[in-house]
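Peer 1: next input, structure requested:
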Amino acid sequence: MQPTILIVDDEKHTREGLRASLEDNFEVYIAADSGGALGVLERESVDLVLTDLRLGGEDGMVLVEKILTLPHPPIVIMMTAYGSVDAAVEAMKRGAYDFITKPLNIDRLEILIHRALRSRNVEKEVVELKQQVEKKYGLERLIGDAPVMTEVFDTIKQVAPTRATVLIQGESGTGKELVAQAIHSLSGRPKPKFVAVHCAALSPQLLESELFGHEKGAFTGATERRIGRFEQANGGTIFLDEIGEIDTTTQVKLLRVLGEERAFERVGGNASIKVDIRLVAATNKNLEKMVSEGKFRDDLFFRLSVVPITMPPLRQRKEDIPLLVSAFLKSFAEENNKPVTEITPDAMQALLHYDWPGNVRELRTAIEFGVVMSTGTRIGLRELPLSVREGAAAVSPLSSSRFIPVRSSRFNLHETEHRLMLQALEETGGNITQAAKKLGISRRTLHRKLKELKNLEDGDGNAGPGTRT
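Peer 2: Now for the predicted structure:
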């Protein structure tokens, strides 16, 4: 399939001549003005726009700005006279790919077009590869761009292919089971062989039978042999959630399973059963403190925590809230067949200022509530749970200047992130290093996100605050 090009020029012989020169290698559309060009872009999928910066009485820069604010903008190459080179350079600063001066050299123009299209293809391939890697590695449900989450992702990828036991620690609702599932997905073990056991939900006797199985007659009610979760997980991964809740008897049995032999006996049985399992455990308790208090065996703790992973609470990575909200909003809108696509500025402000004691799980529930309660296309402050509204107001009242100003009456999730960056840059006098520290992200991450900010700022004619390192 040939790449598609839109030629925009108010001079008929120029646009017709360019179409004749390029149509052997490209599918070419033409337009005489910005209205015609935008009409083509609405109807057709265009890879590249070649436009003059002077369109009769129109300023071609206005068209360039409109093109670059489209959801999936094509590449823009500008045609300009020598006297308008400065304007072309300014357009490049705002996101255009390149410019070429008139009179046009067709050979040079074709080289420039092919180079631009190759660049776009590479960008698409990188994005697609990243998505494929995340899906392959089971990380697509773990959302976050904060430095603390980047460390978690790196550890998961490093430890997953090994047999090392992993201990995931963190508050309730931070996503510990998602980490365990990601480790299993990347381990290469059969996907159906991920067996989860929530230890706090069972009594000690039932938990022991659940984990190791039992023989017929082992206790009252044991009318037949039962295969335990360790045998079910043979060849795969067993995930023990709330490991801090198990009693000392079960701790001793676990210790043996984690030994070199990887063996155990069913309750009421004598036969030693060997299994090939990967064990991942999780807890919201301080196991080291429990060890010092004699409530948890130190030898078991050391075997469990070969590789420790700590999931940060949501209040320590609030820059991830817009990303999480975007994912939850899309998911619950589709699930409930609701037309909700946006969240209002004041609602997002409340989400950003609330401390989230229930972490990501609580945020997820809040967005589900908002989608269900919304009667239109947006979630407003009134559609958020009362606990979130009151909790956010207690930290920073809605009328307070501590709330981040958002210019637009309509809200874009990425724009909120950009507002936070602008505020940090303003408060630090444009110092990127200090602004990154203030936001709790790396300098490299802030640099990358500032590139995304460029199109947003260009859309209303502002250059944004100056930055310095």
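
Peer 1: ranges for the helices of the stretch 151-300 of the chain?
Peer 2: For the stretch 151-300 of the chain, applying DSSP state H, counting those that start in this stretch gives helices covering 176-187, 204-212, 229-232, 248-257, 287-292, 298-304.

Peer 1: TSV for those, including distance to Thr165, mean pLDDT and mean neighbour count?
Peer 2: All C-beta spots, glycine's among them, are computed from the backbone N, C-alpha and C. As requested, the helices of the stretch 151-300 of the chain are exported to TSV (distance: least, Cβ to Cβ, whole Å; pLDDT from 0 to 100; neighbours: other Cβ atoms under 10 Å):
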stretch	distance to Thr165	mean pLDDT	mean neighbour count
helix 176-187	11	93	22
helix 204-212	15	90	19
helix 229-232	14	94	19
helix 248-257	10	90	16
helix 287-292	13	95	15
helix 298-304	6	95	17
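
Peer 1: just so I know, which of these lies nearest Val28?
Peer 2: helix 176-187 (45.5 Å; Cβ to Cβ).

Peer 1: about what we covered before: redo the helices of the stretch 151-300 of the chain as TSV? Include distance to Trp356.
Peer 2: Converted to TSV, the helices of the stretch 151-300 of the chain look like this (distance: least, Cβ to Cβ, whole Å):
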stretch	distance to Trp356
helix 176-187	16
helix 204-212	31
helix 229-232	32
helix 248-257	33
helix 287-292	24
helix 298-304	28
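
Peer 1: closest to Met1 out of those helices?
Peer 2: Met1 sits nearest to helix 176-187 of all those, at 34.2 Å, using Cβ to Cβ.

Peer 1: show residues contacting that closest one.
Peer 2: 136-139, 141-142, 152, 156-157, 159-161, 166, 168-170, 191, 193-194, 196, 236-237, 239, 241, 278, 280, 282, 284, 309, 311 (Cβ atoms under 8 Å, 6 or more residues apart in numbering).

Peer 1: cool, stretch 26-41 as well?
Peer 2: 2-10, 12, 15-16, 18-19, 22, 44, 46, 49, 51, 55-56, 58, 60, 62-63, 66-67, 70, 74, 113.

Peer 1: I'd like the mean pLDDT over that stretch, please.
Peer 2: The pLDDT scores in stretch 26-41 average 93.

Peer 1: ends of it, how far apart?
Peer 2: 16 Å (Cα to Cα, to the nearest Å).

Peer 1: buried among the contacts of helix 176-187? Make that a PyMOL selection.
Peer 2: Buried members of those, defined by 16 or more other Cβ atoms under 10 Å, are picked up in PyMOL with:
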select buried, resi 137+138+139+142+152+156+159+160+166+168+169+170+193+194+196+236+237+239+241+278+280+282+284+309+311
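
Peer 1: now, the contacts of helix 176-187 that are in strands?
Peer 2: Mapping the contacts of helix 176-187 onto strands (DSSP state E) picks out 166, 168-169, 194, 196, 237, 239, 241, 278, 280, 282, 309.

Peer 1: nearest to Arg443 among those residues?
Peer 2: Closest to Arg443, out of all of the ones in strands among the contacts of helix 176-187 and judged by Cβ to Cβ, is Ile309, at 24.8 Å.

Peer 1: residues contacting that closest one?
Peer 2: Counted by Cβ under 8 Å, 6+ apart, Ile309 has contacts 152, 155-156, 159, 166-169, 179.

Peer 1: could you rerun that using 6 Å?
Peer 2: 155, 168 (Cβ atoms under 6 Å, 6 or more residues apart in numbering).

Peer 1: just the pLDDT at it, thanks.
Peer 2: In the predicted model, Ile309 carries a pLDDT score of 97.

Peer 1: got it, and the one 5 residues further on?
Peer 2: Model confidence at Leu314, given as pLDDT, is 96.
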